[in-house]
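>>> Quick one, what's the 3D model for this:
(one chain, ligands or ions: 1)
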Amino acid sequence: MQIAPTSLSGVVVLTPRVFSDARGRFCETWSRARLAEAGIDIDFVQDNESLSRPVGTLRGLHYQSPPMAQAKLVRVVAGAILDVAVDVRRGSPRYGQWVGVELSADSGRQLLVPAGFLHGFVTRVPDTVVGYKCSAPYAPECDGAVAFGDPDLAIDWGLDPAAAVISDKDARAPRFRDWTSPFDYTGPLPWEGADA
Ligand SMILES: Cc1cn([C@H]2C[C@H](O)[C@@H](COP(=O)(O)OP(=O)(O)O[C@H]3O[C@H](C)C(=O)[C@H](O)[C@H]3O)O2)c(=O)[nH]c1=O
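Presented below is the predicted three-dimensional model:
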C-alpha cells in the first residue's frame, strides 16, 4: 500500500499493491496496521456502498457535523469517479480549497477524506459502485450538504453541472457563502507534513 499526499494537505491517496495473474487480480483494500504506520490511526466503524447507474451521477458535497463527523476512505469497486474533498475547517489555512482525484476499480486508488472536509464524487462510467469506510455511524440529524456547483468553490467536475444526475437533497443544498461550517481547525493532522 503506497500512501501519497495530494495538493490539499490532509487528503491522501492510497494505492494498494495489486497481484495480477491469469485469473484476474487480488489486492488488500484496507489494513489498519499499514495506515497506522503512516500516522493514519482512524477507527472506521461503518462501510457504505452506492451504485450509480447513469454516467455523470454526482453525489455531494456532503458531511456529518460534530459529534458525528466522519473521516472517509473511498474506493471504487466498479467503474470510475472523480472524487472531491473540500477543506471546511474554520481557521484552516486552506479553508474552501478543494482537490479532485480520479479513482477507478482498475487503478485500485483510494482517497482518504478527513473529518472536517466536504466529500463528493461524480461518476465517469455507467454502473459505478463506490465503497467507503466511515469513522462514525450514520447520523441523519447531523447529515448536511453544500451545493456541488457553488461558484465560490469553483470545483471543476469535468462536466456541465446542469447535466449532473443528482438527488433532490443535493439540488436544495445551500451555497457555500450562505452556509456556516460546524468544523474548527485544530492544527495539522497526524499524517500531514511539517509544512501543513
Ligand atoms: C449516507 C447514508 C445514507 N443512508 C440512507 C439515507 C437515504 O435514505 C439513502 C440514500 O442516502 P443519500 O441520498 O444521502 O446517499 P448519497 O447521496 O450517496 O450520500 C453519500 O454520498 C456522499 C458522497 C458521502 O460522502 C456521504 O457518505 C453520503 O452523504 O440511504 C443510510 O441509511 N446510511 C448512510 O450512512
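>>> Going by C-alpha atoms from here, please, whenever you check contacts or count neighbours.
Noted.
>>> quick one, phi/psi of residue 59?
phi -110, psi 120 (degrees, to the nearest 10).
>>> Residue 133 is in contact with residue 42, isn't it?
No: counting by CA atoms under 8 Å, residue 133 does not reach residue 42; the two are 10.2 Å apart.
>>> Which one's more surrounded, those two?
Between residue 133 and residue 42, counting by other CA atoms under 10 Å, residue 133 is the more crowded of the two (21 against 15).
>>> and that one, that one's in a strand?
Yes: assessed with DSSP: H, G, I helix; E, B strand; the rest coil, residue 133 lies in a strand.
>>> which residues does it bridge with?
residue 47, residue 73 (DSSP bridges).
>>> list the contacts for it?
44, 45, 46, 47, 48, 72, 73, 74 (CA atoms under 8 Å, 6 or more residues apart in numbering).
>>> and residue 163, what does it touch?
Residue 163 touches residue 56, counting by CA under 8 Å, 6+ apart.
>>> any chance you could read off phi and psi for it?
Phi and psi for residue 163, reported as degrees, to the nearest 10, are phi -90, psi -10.
>>> measure it to the ligand for me?
17 Å (CA to the nearest ligand atom, to the nearest Å).
>>> which parts of the longest helix belonging to the chain are buried?
Taking DSSP state H as the criterion, the chain has its longest helix at helix 32-37. Buried residues in helix 32-37, counting neighbours by 16 or more other CA atoms under 10 Å, are found at residue 35.
>>> Output it as PDB - backbone C-alpha positions only.
What follows is helix 32-37, C-alpha atoms only, in PDB (Å, rounded to 0.1, in the frame of the first residue of the first chain):
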ATOM      1  CA  ARG A  32      -5.400  -0.800   9.800                       C
ATOM      2  CA  ALA A  33      -1.800  -1.500  10.700                       C
ATOM      3  CA  ARG A  34      -0.400  -0.200   7.400                       C
ATOM      4  CA  LEU A  35      -2.400   3.100   7.800                       C
ATOM      5  CA  ALA A  36      -1.300   3.400  11.400                       C
ATOM      6  CA  GLU A  37       2.300   3.100  10.300                       C
END
